[in-house]
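J.: Test case, fold it:
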Amino acid sequence: MHHPLTIAAPMRRLVQERRMMSRKLLLALALSAGLALSQTPALAFQQAVVAAPASPHAALESDVSNILDRMVRDMGPAERLALTPDSAAAFLNAEERERLSTGFARFTVDRPARLFVAFDSTYGETPFWLSDLGFERRADLDFIVDVEDPFHVWEKAVPAGEVNLGVPSLSGEMKPYIVFAAPAGGEGTVAITPLVPGVDVQAAREAGEPYVDDNDYFNALPAELDGLPVLRSFESWEFVSRMVGFFRATDYPSSSAPDHLQLTFQGDPRTGVTVQWRTDETVDASILWFAPSGDDAAGRVLTAEAGALTSRQIVNDPDIRLHRVRLDDLTPATDYEYAVSADDGQTWTQRRRFRTAAEAGAEPYAFIYLGDPQNGLDEWGDLIRQSDRHFPEARFYMIAGDLIDHGTERDNWDQFFHEGSTVFDRTPVVPALGNHDSHGGHPTLYLQQFALPDNGAETLDPGRTYHVTYQDLLVVVMDSNYDLVEPELQVEWLDRVLGESDARWKVVIYHHPFYASRPGRDNYPLRDAWGPIFDRHNVDIAFQGHDHAYMRTVPMRGHEPVAEGEHGTVYLVAVSGTKMYEQELPAFAAFGTVNTRTYQIIEVDPVAGTLAYRAIDSDGGVIDSFDLSKD
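T.: Numbers count the residues shown, from 1 in each chain. Reported below is the predicted structural model:
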């Protein structure tokens, strides 16, 4: 714990503290997103294998979950969708209101004090409990954070002893408030002692940071607040009491007809693929037909395993079923066709075609790499359909995380699969986890909706990390969300997988870049933990996301550009969605550009020992390329 008046720690130290503390944010998503799961008859969705430490707000989260349940019982769908902070507060009974007024921030002050609660007023919500607890508005002390965020200030006098304050908001839009303390008598310094694990106390100064896990900063502070001890918590705790905006309607509800078809690898791509689709809850069972292309007589029909996925969050389609068939006895280098039926074969979907991988070295192949989709998924859908038209021979798609914007909201996923299934129903998808895919806690929906290999780090949930060998290419998928899981948890596994592989090409894919395309966004904990392993095993390419721009480095080794003729890893950043960031390239960048949505085609010729890379923009133009070769 920091002394109340110590100066804010350097950014790298804050990142490390954030990583350690935020493991406590592996909250059961059933509390934050209202998910429940049952199997019909036997679709075994992966369950968490890393036990999450007890949440510092477990009691509060339970209270909020109970309130959400009561809203489902007592409100119609339209009422839930129309909730405002005022109507949500009015819905609370007296006991709920009292618990939410005192259940978030807990600390002690060593003497009578004047407390100042400051919160971002951008969203127009004032925490309801401020008036309930006797706080008064102090507009003369308002200040700015991060150049443009207006913080409102409220004040109250309190005696020495324990102080309990309420939830950040009822909307989940506002970052948690911060608390300053001044001595009531004007003499001395108030010592604040936090009672919630992970929070700290710093001296409030211009350019200081109001959150433990975020790089927002104070602009000039009013003289009355400047230098006071300030209680800081985690920006990522903003969803702990979300009610307004929690309930959502999906634009893509399920029906009795199969949709959202997608292919993934769970086993050997030479002999296997997994097919998944969705229906509404009325379909208890469905079937899949498949055969080698042109040989219907060899066709087989298999019954899918089905799992019921329920979200109280979705008011117009809370219950869906996911259906899966894992095929593991296919013939390498063979084209197959398949169709699925939800009515015992009376009607079938149109046939789709896919191709199994060849033996290593047997034939050329290609694959596509995408940076973050996240926003503008309709335009992202157009982009991947363009890539499919131009490169129908691509054998799989890799996505470097942030598939959607809010990973706890199933309607976001519904749109992703609506767009993605137009391509992924024929070409398998190989996804990596981004921070938005686990937004607000554990990536439950991501793990439940993708059938992924169970060969990842034993210390993490199956599907967070995994590896696939496609002919002479090893793809290692990692979880870079070090605010949720420490990068060290993947080190032993990563070293072993890379070391045991005899693949000619070794690539890795993860979300947060080692080398960012603008200052202040490098991810040192990842680079320090994983970089030496990449170097030791001669990783060829690192596919990354997160920075919402395009960048390619020169080959790097030991965090330095390599000399001519030496092996190094090329680090890439790309974006395929519509959200864009500015860029300031490091000296070792080979190329970069902004405001450009791209897909990347990588063509491998095992006979020639070559790998050809091209980045293609949404107009179809090649903006960047490079070639690698190996004996």
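J.: Give the pairing partners of the helix or strand Met551 falls within; include direction for each.
T.: In this structure, Met551 is located in strand 550-553 according to DSSP states H and E. The strands that strand 550-553 pairs with in its sheet are strand 570-573 (antiparallel), strand 589-593 (antiparallel) (by DSSP bridges).
J.: partner strands of the very next helix or strand once past the longest one, parallel or antiparallel?
T.: Read that as strand 589-593. Tracing the chain past strand 589-593, the next element assigned as helix or strand by DSSP H and E is strand 598-605. The strands that strand 598-605 pairs with in its sheet are strand 365-370 (antiparallel), strand 610-617 (antiparallel) (by DSSP bridges).
J.: Restrict the longest one to CA atoms and write it as CSV.
T.: Output in CSV follows, covering the C-alpha atoms of strand 610-617 (Å, rounded to 0.1, in the frame of the first residue of the first chain):
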residue,chain,number,x,y,z
THR,A,610,8.7,-18.7,-49.4
LEU,A,611,6.1,-16.6,-47.5
ALA,A,612,4.6,-13.6,-49.3
TYR,A,613,2.7,-11.0,-47.3
ARG,A,614,0.4,-8.2,-48.6
ALA,A,615,-1.7,-5.7,-46.8
ILE,A,616,-4.8,-4.7,-48.8
ASP,A,617,-7.0,-1.7,-48.0
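J.: quick revisit: ranking the strands paired with strand 550-553 by burial, who's on top?
T.: Most buried of the strands paired with strand 550-553 by mean neighbour count (mean count of other Cβ atoms under 10 Å) is strand 570-573; its value is a mean of 25. (Glycine included, C-beta is placed from N, CA and C.)
J.: which residues touch that one?
T.: The set of residues external to strand 570-573 that reach it, using Cβ atoms under 8 Å, 6 or more residues apart in numbering, is 369, 371, 513-517, 540-547, 549-556, 600, 626, 628.
J.: What average pLDDT does it get?
T.: pLDDT averaged over strand 570-573 equals 98, rounded to a whole number.
J.: what's the offset of that strand from the middle of its chain?
T.: 20 Å (Cα atoms, centre = their mean, to the nearest Å).
J.: same check, this time on stretch 106-122
T.: Between the centre of stretch 106-122 and the centre of its chain there are 32 Å (Cα atoms, centre = their mean).
J.: Can you give me the buried ones in that stretch?
T.: Residues of stretch 106-122 classed as buried by neighbour count (16 or more other Cβ atoms under 10 Å): 106-107, 109-111, 113-120.
J.: which among the residues you listed gets closest to Gly568?
T.: Asp120 (43.2 Å; Cβ to Cβ).
J.: State the pLDDT value of that closest one.
T.: 96.
J.: From Glu155, how far out is it?
T.: Distance of Asp120 to Glu155, computed by Cβ to Cβ, to the nearest Å: 17 Å.
J.: go on, Leu377?
T.: Between Leu377 and Glu155 the distance, using Cβ to Cβ, works out to 44 Å.
J.: neighbour count winner among those two?
T.: Summary of the neighbour comparison: Leu377 and Glu155, criterion other Cβ atoms under 10 Å, with Leu377 having more neighbours (22 against 19).
J.: show me the contacts for that one.
T.: With the criterion set at Cβ under 8 Å, 6+ apart, Leu377 makes contact with Ile404, Gln415, Phe416, Glu419, Gly577.
J.: Which one (most neighbours) among those residues?
T.: With neighbours defined as other Cβ under 10 Å, the most crowded of the contacts of Leu377 is Ile404; it has 27 neighbours.
J.: does that residue really touch Asp372, like I thought?
T.: No - with contact defined as Cβ atoms under 8 Å, Ile404 does not count as touching Asp372 (9.6 Å).
J.: Chain neighbours aside, what residue packs nearest to Leu100?
T.: Taking Cβ to Cβ, 6 or more residues apart in numbering as the measure, Leu100 lies nearest to Val167, with 5.1 Å between them; neighbours along the chain are not counted.
J.: So the one you found, which state does it fall into?
T.: Assigned state for Val167: coil (three-state reduction, DSSP: H, G, I helix; E, B strand; the rest coil).
J.: returning to what we had before: state the pair within the contacts of Leu377 that is farthest apart.
T.: Gln415 and Gly577 (11.6 Å).
J.: and the gap between Phe417 and Asp268?
T.: With distances defined as Cβ to Cβ, the gap from Phe417 to Asp268 amounts to 25 Å.
J.: Show the contacting residues for Phe246.
T.: By Cβ under 8 Å, 6+ apart, the residues touching Phe246 are Gly34, Leu68, Leu83, Gly172, Gln313.
J.: rerun at 7 Å
T.: Remark: with contacts taken as Cβ atoms under 7 Å, 6 or more residues apart in numbering, Phe246 is in contact with Leu68, Gln313.
J.: Make sure it is indeed in a helix.
T.: No - checked against three-state DSSP, Phe246 lies outside a helix; its state is coil.
J.: And the helices in the stretch 1-150 of the chain?
T.: Counting by DSSP state H, counting those that start in this stretch, the stretch 1-150 of the chain forms helices over residues 11-22, 29-33, 58-74, 77-81, 85-91, 94-102, 129-132, given from the N-terminal end onward.
J.: remind me which residues of the stretch 351-500 of the chain are low pLDDT?
T.: The model of the stretch 351-500 of the chain has pLDDT under 70 over residues 440-441.
J.: typo on my end, it should be the chain
T.: Scanning the chain for pLDDT under 70 picks out 1-54, 440-441.
J.: Spell out for me which residue occupies the centre of the protein.
T.: In the chain, the centroid-proximal residue (Cα atoms, centre = their mean) is Asp437; its distance is 2.5 Å.
J.: Tell me the secondary structure at it.
T.: Reducing the assignment to helix, strand or coil with three-state DSSP, the entry for Asp437 is helix.
J.: For it, give me its contacts.
T.: Contacts for Asp437 (Cβ under 7 Å, 6+ apart) come out as Gly401, Asp402, Leu403, Ile404, Gly407, Pro443, Tyr446.
J.: Distance of the closest residue to it other than its chain neighbours relative to His436?
T.: Distance criterion Cβ to Cβ, 6+ apart; nearest residue to Asp437, sequence neighbours excluded, is Gly407 at 4.2 Å. Gly407 sits 6 Å away from His436, taking Cβ to Cβ as the criterion.
J.: Next: Arg352.
T.: For Arg352, the distance to His436 under the criterion Cβ to Cβ works out to 29 Å.
J.: so what's Leu263 closest to, chain neighbours aside?
T.: Closest residue to Leu263 apart from its sequence neighbours, by Cβ to Cβ, 6+ apart: Pro428 at 4.1 Å.
J.: check contacts around that neighbour.
T.: Pro428 makes contact with Leu263, Thr264, Phe265, Val273, Phe396 under the criterion Cβ under 7 Å, 6+ apart.
J.: what number of residues lie near the second one?
T.: When neighbours are counted by other Cβ under 10 Å, Thr264 registers 22.
J.: Just grab the bridge partners of Asp335 for me.
T.: According to DSSP bridges, the residues that bridge with Asp335 are Arg355.
J.: Return the residues in contact with it.
T.: Asp335 makes contacts with Pro292, Ser293, Arg353, Arg355, as judged by Cβ under 7 Å, 6+ apart.
J.: Nearest to Ser480, out of the strands paired with strand 598-605?
T.: Judging the strands paired with strand 598-605 by Cβ to Cβ, what sits closest to Ser480 is strand 365-370, at 15.6 Å.
J.: who touches that closest one?
T.: Against strand 365-370 from outside (Cβ under 7 Å, 6+ apart): 387, 391, 393-400, 471, 543, 574, 576, 599-604.
J.: The same query, at a cut-off of 6 Å, please.
T.: Strand 365-370 is contacted from outside by 387, 393-399, 471, 543, 576, 599-604, using Cβ atoms under 6 Å, 6 or more residues apart in numbering.
J.: Could you export that strand as PDB, CA atoms only?
T.: Below are the C-alpha coordinates for strand 365-370, written out as PDB (Å, rounded to 0.1, in the frame of the first residue of the first chain):
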ATOM      1  CA  TYR A 365      -1.800 -22.400 -49.100                       C
ATOM      2  CA  ALA A 366      -2.800 -19.000 -48.000                       C
ATOM      3  CA  PHE A 367      -4.400 -17.400 -44.900                       C
ATOM      4  CA  ILE A 368      -5.700 -14.000 -43.900                       C
ATOM      5  CA  TYR A 369      -4.900 -11.900 -40.900                       C
ATOM      6  CA  LEU A 370      -7.200  -9.200 -39.500                       C
END
